[in-house]
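>>> 3D, please:
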Amino acid sequence: MTESPATETLRITEPADGVRLLTIDRTARRNALDRATYGAIREAIARAGTDEAVRAIVLTGAGGCFTAGNDLADFRDTAETVADSPGLALLKVLAACPKPVLAAVEGHAVGIGTTLLLHCDLAYAGAGARFRLPFTSLGLSPEGASSYLLPLVAGTKRAAELLMLGEPFGPETAEAAGLVNAVVPAGQALDAALERARALAALPPVSVAATKRALRAGHAEIVARTLASEAETFHALRRGPAAQAAFAAFFAR
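Numbers count the residues shown, from 1 in each chain. Next up, the predicted model:
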């Protein structure tokens, strides 16, 4: 395994030829994504997307947790605009990445930790994984183009249940909803993702890239529009009284 340049919150390794592994490493915060971590992941995916030596990218979290989603400390900044949003910037890069992106989910996958799976090509979850889309309970609305993509893969009724009620759900529901390809024994999600990544890396890269473009071409424009429109609503609500009250209650606990 070789090491690549990393940051304090993102480890970058190459566990196999052609495979780049990105590991979110803020275990003290359950790998919650602050501005620095968003930026690190965005830059790492962008670099991997243009690196001819990289044929597949795997994203996971350290310490048995994928990510607890947005670091709510950042959400208390009411001055941040859509143009400043590090989460939106990451999602745009992820959606446009020409290389296959795989996710390995253990533990918590909350908020954007779930919606970003809709932009990954393959995803695997350990049996103990817990997912949640808690936007309504926080006075927010869907992000990550989930209002468009989740009904496509899960159906409108299940998407409404997951997005409107925002209740936690397990890996079997995530699999049934099309968020992950398969559920594997706890602790084995990364092994499953790396095995698939190695298989992809062994294939002709031009063929893999052409297949990914074909799979995404019919939805690319509407995904881009939905990312932007959702972000406008999300950030307007984030500055509103319901969301700020929810954030204050969270920190009071």
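
>>> output the below-cut-off pLDDT ranges for the chain.
The chain contains residues with pLDDT under 70 at 1-6, 75-79.

>>> can you name the residues in contact with the longest helix that the chain contains?
Ranked by residue count under DSSP state H, the longest helix found in the chain is helix 220-238. By C-beta atoms under 8 Å, 6 or more residues apart in numbering, the surrounding residues in contact with helix 220-238 are 75, 78, 80-82, 85, 88, 91-92, 95, 135, 139-149, 216, 243. Just so you know, the C-beta spots here come from the backbone N, C-alpha and C atoms, and that holds for glycine as well.

>>> list only buried entries from those.
When neighbours are counted using 16 or more other C-beta atoms under 10 Å, the contacts of helix 220-238 contain these buried positions: 75, 80, 85, 88, 91-92, 95, 135, 139-149, 243.

>>> and His108, bridged to which residues?
Arg130 (DSSP bridges).

>>> what sits against it?
Here His108 is in contact with Arg30, Cys65, Phe66, Thr67, Ala68, Ala129, Arg130, Arg132 (criterion: C-beta under 8 Å, 6+ apart).

>>> switch to 10 Å and redo it
For His108, the set of contacting residues under the criterion of C-beta atoms under 10 Å, 6 or more residues apart in numbering consists of 30-32, 61, 64-69, 114, 128-132, 168.

>>> Leu72 too?
By C-beta under 10 Å, 6+ apart, the residues touching Leu72 are Ala32, Asp34, Gly111, Leu138, Ala243, Ala246, Phe247, Phe250, Phe251.

>>> list only those of those flagged as buried.
Applying a neighbour-count criterion of 16+ other C-beta under 10 Å, the buried members of the contacts of Leu72 are Ala32, Asp34, Gly111, Leu138, Ala243, Ala246, Phe247.

>>> give me the neighbour count for Ala199.
The number of residues packed around Ala199, counting by other C-beta atoms under 10 Å, is 10.

>>> where does it fall, secondary structure wise?
Applying DSSP states H and E as the criterion places Ala199 in helix 189-201.

>>> before we move on, what about Thr13?
Thr13 belongs to strand 10-16, assigned by DSSP H and E.

>>> packing partners for the very next helix or strand once past that strand?
Counting by DSSP H and E, the next helix or strand C-terminal to strand 10-16 is strand 19-24. In terms of contact count using 3 or more C-beta pairs under 10 Å, 6 or more residues apart in numbering; DSSP states H and E, strand 19-24 is assigned the packing partners strand 10-16, helix 35-50, strand 56-61, strand 101-105, helix 189-201.

>>> reformat those as a markdown table; add distance to Glu172.
Putting the helices and strands packed on strand 19-24 into a markdown table (distance: least, C-beta to C-beta, whole Å) gives the following:
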| stretch | distance to Glu172 |
| --- | --- |
| strand 10-16 | 28 |
| helix 35-50 | 27 |
| strand 56-61 | 20 |
| strand 101-105 | 13 |
| helix 189-201 | 14 |
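
>>> what is the distance between the next helix or strand after the longest helix of the chain and the centre of its chain?
The element immediately downstream of helix 220-238 (helix or strand, assigned by DSSP H and E) is helix 241-252. For helix 241-252, the distance between its averaged C-alpha position and the chain's averaged C-alpha position is 24 Å (C-alpha atoms, centre = their mean, to the nearest Å).

>>> wait, Ala28 touches Gly63, no?
Yes: contact between Ala28 and Gly63 holds when scored by C-beta atoms under 10 Å: they sit 9.0 Å apart.

>>> show me which of these two is the more surrounded one.
Regarding Ala28 and Gly63, a neighbour count based on other C-beta under 10 Å identifies Gly63 as having more, with 14 against 8.
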